[in-house]
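Asks: From the sequence below, what's the structure:
(chains A and B)
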Amino acid sequence: NAGVTQTPKFQVLKTGQSMTLQCAQDMNHNSMYWYRQDPGMGLRLIYYSASEGTTDKGEVPNGYNVSRLNKREFSLRLESAAPSQTSVYFCASLRTGGTGELFFGEGSRLTVL
Amino acid sequence: GENVEQHPSTLSVQEGDSAVIKCTYSDSASNYFPWYKQELGKGPQLIIDIRSNVGEKKDQRIAVTLNKTAKHFSLHITETQPEDSAVYFCAAHSGYALNFGKGTSLLVTP
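Replies: Here you go, the predicted structure:
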């Protein structure tokens, strides 16, 4: 039971570099989400995808782009990383037609120097 | 948009005592209120949830209460154990996604 898998788990970038966080789920869920977690700030929604082929902005989308590659995969891209994007990023998928339970990956810790 | 306030931010209790975490929300249309537990280095996991047509729900040592009129809901953990130590998040579903509180770091000391 893999659930939600995120890669990489850790990454250090220099300011201005780009990178993509990968996320895949094997539960056949329609909706997927990217959150960031910062100390004292809780979980804030960056982008979400309600279904394959659609993406929408969340609370803090600036500086990010996303791609819903297929039903399983939802990637998050930082085109030009900034120190303010140092955070732990979580991908999640939503149990379809059920209780509304979100299933989270284990997180990707990103440091931008 | 929905605003979820969570208190306290930190909570320390002795093993065997009860712990209570409280949340308020702003959007009266919110209808689903889950609680997540996050252990160190892991992603959050759902521990209990409640829908707006129910006032209370229990699952062994944990319970959640909801007061729709006052727009607040609470998590109650009884007979706390060291393995309950973690960060707990409340959330409210409004529109397209869950909005989370800022979290409560619970420490249960033996």
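
Asks: Just give the closest residue to the closest residue to chain B within chain A, not the sequence neighbours.
Replies: The nearest approach of chain A to chain B comes at residue A:104, 3.2 Å away (CB to the nearest CB). Using the backbone N, CA and C atoms, a C-beta is placed for each residue, glycine as well. If the residues on either side of it in the chain are set aside, residue A:104 comes closest to residue B:43, at 3.2 Å by CB to CB, 6 or more residues apart in numbering or on different chains.

Asks: check contacts around the one you found.
Replies: Contact partners of residue B:43, counting by CB atoms under 8 Å, 6 or more residues apart in numbering or on different chains, are A:4, A:90, A:92, A:104-107.

Asks: Check residue A:57 too.
Replies: Listed by CB under 8 Å, 6+ apart, the contact partners of residue A:57 are residue A:47.

Asks: Enumerate the beta-bridge partners assigned to it.
Replies: Beta bridges link residue A:57 to residue A:47 when assigned by DSSP bridges.

Asks: buried stuff in stretch B:33-43?
Replies: Along stretch B:33-43, these residues count as buried under the neighbour rule (16 or more other CB atoms under 10 Å in any protein chain shown): B:33-38, B:43.

Asks: give the contact list for residue 104.
Replies: The chain I'm using is chain A. Residue A:104 makes contacts with A:4, A:90-92, B:43-45, as judged by CB under 8 Å, 6+ apart.

Asks: I was after chain B.
Replies: Residue B:104 neighbours (CB under 8 Å, 6+ apart): B:6-11, B:21, B:87-89.

Asks: Enumerate the residues of chain A near chain B.
Replies: Residues of chain A lying near chain B by CB under 8 Å from any CB of the partner chain: A:4, A:33, A:35, A:40-45, A:48, A:50, A:56, A:58-59, A:90, A:92, A:99-102, A:104-107.

Asks: 10 Å instead?
Replies: A:3-4, A:6, A:9, A:31, A:33, A:35, A:37-45, A:48, A:50, A:56, A:58-59, A:88, A:90-92, A:94-95, A:99-107, A:109 (CB under 10 Å from any CB of the partner chain).

Asks: I'd guessed residue A:16 sits against residue A:80; true?
Replies: Yes - the pair formed by residue A:16 and residue A:80 meets the contact definition of CB atoms under 10 Å, at 5.3 Å.

Asks: ok so, going back, now a PyMOL select for only the buried ones of the contacts of residue B:43.
Replies: Isolation of the buried members of the contacts of residue B:43 (16+ other CB under 10 Å) is achieved in PyMOL through the command below:
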select buried, chain A and resi 4+90+92+104+105+107
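
Asks: Now chain B against chain A: closest residue?
Replies: For chain B, the nearest residue to chain A under the criterion CB to the nearest CB is residue B:43, separated by 3.2 Å.
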